[in-house]
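In: Build the 3D model from these lines:
(one chain, ligands or ions: 2)
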Amino acid sequence: MTKFDSARSMRVTATFGARFELCESDDHAAPVVPARAKGKRLRPVTGDWVLARPLPGETDWQVESVKTRENELARTDSRGRREILAANVTLMIVVVSSRPQPDWFVADRYLAAAELMPSRAAIVWNKSDLGEMPDAVRTYQAIGYPVIETSIVSAAGIDALRELMQGESSIFVGLSGVGKSSLINALSGSDLQKTSAISSANDEGRHTTVAARLLNFRNGVTVIDSPGVRDFAPALIEPARVAQGFREIAEAADHCRFADCTHRAEPNCAVKAGVESGSIDERRYRSYLRLAQLNRQLASQRF
Ligand code: GDP
Ligand code: ZN
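Out: Ligands and ions are numbered 1, 2, ... in the order given. Next up is the predicted model:
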C-alpha cells in the first residue's frame with residue numbers, strides 16, 4: 001500500500017482555531033479523531049468533507065484537501081466580510097412559536113437564505129401546547145415547505161421531526177426563546193453530552209463556544225449547531241437575486257413582461273397580478289419588497 005492509499009474521506013465535526021475534529025461518517029458510532037491541516041491555506045469548516053490520513057506516530061490526523069462544498073452557511077460579520085459558519089447543510093429548520101411572538105419577516109429571511117444556499121427548508125411550529133398554528137404557517141405549507149407542529153411539553157411532533165431529519169444535515173434557526181435548544185435536546189436522547197476528542201482545557205479549546213459543531217445522534221439525526229448558527233443573520237444577497245429566495249414569487253416572475261422585473265411598479269408584472277388575485281400571499285410579497293430594499297441598502301453601504 002502506498003502512502004496515498006491511506007487518505008480517507010472524513011467529515012469535519014468541529015473546528016478549534018487551527019485544529020479540527022473528524023468523523024468517518026454521519027453514523028453515531030463512527031470514531032472521532034483530532035486533526036490539523038496541511039498548510040495554512042486549507043481552511044475546513046464544520047460540515048466539510050475532507051481527505052485526511054493518520055500522521056505516523058501521532059494521534060492527530062492531517063487534513064490534505066477539502067472537497068467541493070454543496071453549499072455554505074454564511075453570515076456577514078461586523079466588518080462586512082462574509083464569514084462561513086458551516087458547509088453542506090441540507091435542511092434548514094426555521095422554528096417559530098407563539099411566545100416569543102413570531103416575526104414573519106425573520107422567518108421569510110431565513111427561508112430566502114435557504115433557497116439561495118441552496119438548502120431544503122422546513123417550518124417547525126413549536127410550543128403547540130401554548131397556541132394554535134396561525135394562518136401564516138399554513139401559507140408556508142401551501143407554498144410547499146414541510147410544516148411540523150411540536151411541543152417539548154407534550155412531546156407532540158418530535159417523532160415526525162426526527163423522521164423528517166433522517167439522512168439530513170440540519171440546522172435550527174429562529175428567534176431566541178422559541179425552543180431550538182429544547183428541540184435539539186429532545187431529539188438527542190441522552191447523546192448531547194458527548195465529550196470532544198480535543199480537550200477543551202487546552203488553549204485552542206477556548207474557541208469551542210463560537211464554532212459550529214456537527215452532532216450525530218444515535219437515532220440517525222445529524223444537527224450542525226452553535227449559538228452563532230441558531231441566530232445567524234443571513235449574508236448580503238445580491239439585490240437582483242432576492243426574488244429567488246421566495247419560491248412562489250420566483251415562479252410567477254417567469255411570466256413578468258420584463259426579465260429584470262423587480263415586481264414593484266413595472267407593467268404586466270405577474271407577481272403583482274398574483275398578489276391581486278390572491279395566489280401569492282400579500283404578507284410574503286411585502287417581505288420580498290422589504291428584503292429587496294434591505295439588500296439594496298446593505299449593498300450601497302458597502303460599495
Ligand atoms: P432557544 O433560545 O430557541 O434555544 O429556546 P430554548 O430551547 O432555550 O427555550 C426557551 C424557553 O421555552 C425555555 O424556557 C423552554 O423550556 C421553553 N420551551 C421550549 N419548548 C417549549 C414547548 O414546546 N412548550 C412550552 N410551553 N415551552 C417550551
Ligand atoms: Zn414582476
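
In: can you list the residues of the stretch 201-303 of the chain near ligand 2?
Out: Cys256, Cys261, His263, Cys269, Val271 (C-beta under 5 Å from the ion). Any C-beta I mention is one placed from the backbone N, CA and C, and that applies to glycine too.

In: contacting residues for Met133?
Out: By C-beta atoms under 8 Å, 6 or more residues apart in numbering, the residues touching Met133 are Trp125, Val147, Glu149.

In: show me where the stretch 51-200 of the chain has helices.
Out: Secondary structure of the stretch 51-200 of the chain (DSSP state H, counting those that start in this stretch): helices at 104-116, 135-143, 158-165, 180-188.

In: what about the stretch 101-250 of the chain, any weak spots by pLDDT?
Out: 190-210 (pLDDT under 70).

In: Looking at strand pairing, list the partners for the residue nearest to Ser6 when sequence neighbours are not counted.
Out: In space, and not counting its chain neighbours, Ser6 is closest to Arg53: 4.8 Å by C-beta to C-beta, 6 or more residues apart in numbering. Under DSSP bridges, the beta-bridge partners of Arg53 are Gln62.

In: Now do the contacts for Arg53.
Out: Contacts of Arg53 (C-beta under 8 Å, 6+ apart): Lys3, Ser6, Ala7, Arg8, Trp61, Gln62, Glu64.

In: now swap in Ser169 and tell me
Out: Asp26, Gly47, Asn88, Val89, Thr90, Leu91, Leu214, Thr222, Ile224.

In: C-alpha coordinates for the host helix or strand of Ser9, PDB please?
Out: Using DSSP states H and E, Ser9 falls within strand 8-16. These are the backbone C-alpha positions of strand 8-16, laid out as PDB (Å, rounded to 0.1, in the frame of the first residue of the first chain):
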ATOM      1  CA  ARG A   8      -9.700   8.700   3.800                       C
ATOM      2  CA  SER A   9     -12.800  10.700   3.300                       C
ATOM      3  CA  MET A  10     -13.800  12.200   6.600                       C
ATOM      4  CA  ARG A  11     -16.300  14.900   7.800                       C
ATOM      5  CA  VAL A  12     -15.300  17.800  10.000                       C
ATOM      6  CA  THR A  13     -17.400  17.800  13.100                       C
ATOM      7  CA  ALA A  14     -15.800  20.700  14.900                       C
ATOM      8  CA  THR A  15     -13.100  23.300  14.500                       C
ATOM      9  CA  PHE A  16     -10.900  24.800  17.200                       C
END
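
In: count of neighbours near the residue lying closest to Leu130 once chain neighbours are set aside?
Out: The shortest distance from Leu130 to any non-neighbouring residue, by C-beta to C-beta, 6+ apart, is to Ser98 (5.1 Å). The number of residues packed near Ser98 is 17, by other C-beta atoms under 10 Å.

In: what's the answer for Asp231, then?
Out: Neighbourhood size, Asp231 [other C-beta under 10 Å]: 14.

In: Show the contacting residues for the spatially closest residue to it that is not a sequence neighbour.
Out: The shortest distance from Asp231 to any non-neighbouring residue, by C-beta to C-beta, 6+ apart, is to Ser176 (6.2 Å). The contact partners of Ser176, by C-beta under 8 Å, 6+ apart, come to Pro100, Arg230, Asp231.

In: Relative to ligand 1, how far out is Ser176?
Out: Distance of Ser176 to ligand 1, given as C-beta to the nearest ligand atom, to the nearest Å: 4 Å.

In: For that residue, what are phi and psi?
Out: Dihedral pair for Ser176: phi -60, psi 130, per degrees, to the nearest 10.

In: returning to that earlier point: of the contacts of Ser176, which is the nearest to ligand 1?
Out: Arg230 (6.2 Å; C-beta to the nearest ligand atom).

In: Quick check: buried residues in the longest helix seen in the chain?
Out: Using DSSP state H to define each element, the chain has its longest helix at helix 282-302. Buried residues in helix 282-302, defined by neighbour count with 16 or more other C-beta atoms under 10 Å: Arg284, Tyr285, Ser287, Tyr288, Leu291, Ala292, Leu294, Asn295.

In: what residues does the stretch 51-200 of the chain put near ligand 1?
Out: With the criterion set to C-beta under 6 Å from any ligand atom, the stretch 51-200 of the chain comes near ligand 1 through 126-127, 129-130, 151-153, 176-182.

In: what about 8 Å?
Out: 95, 97, 99, 126-130, 150-154, 172, 174-185 (C-beta under 8 Å from any ligand atom).

In: From those, list just the buried residues.
Out: Using 16+ other C-beta under 10 Å, the buried ones in those are 95, 97, 126-128, 150-152, 172, 174-175, 178-184.
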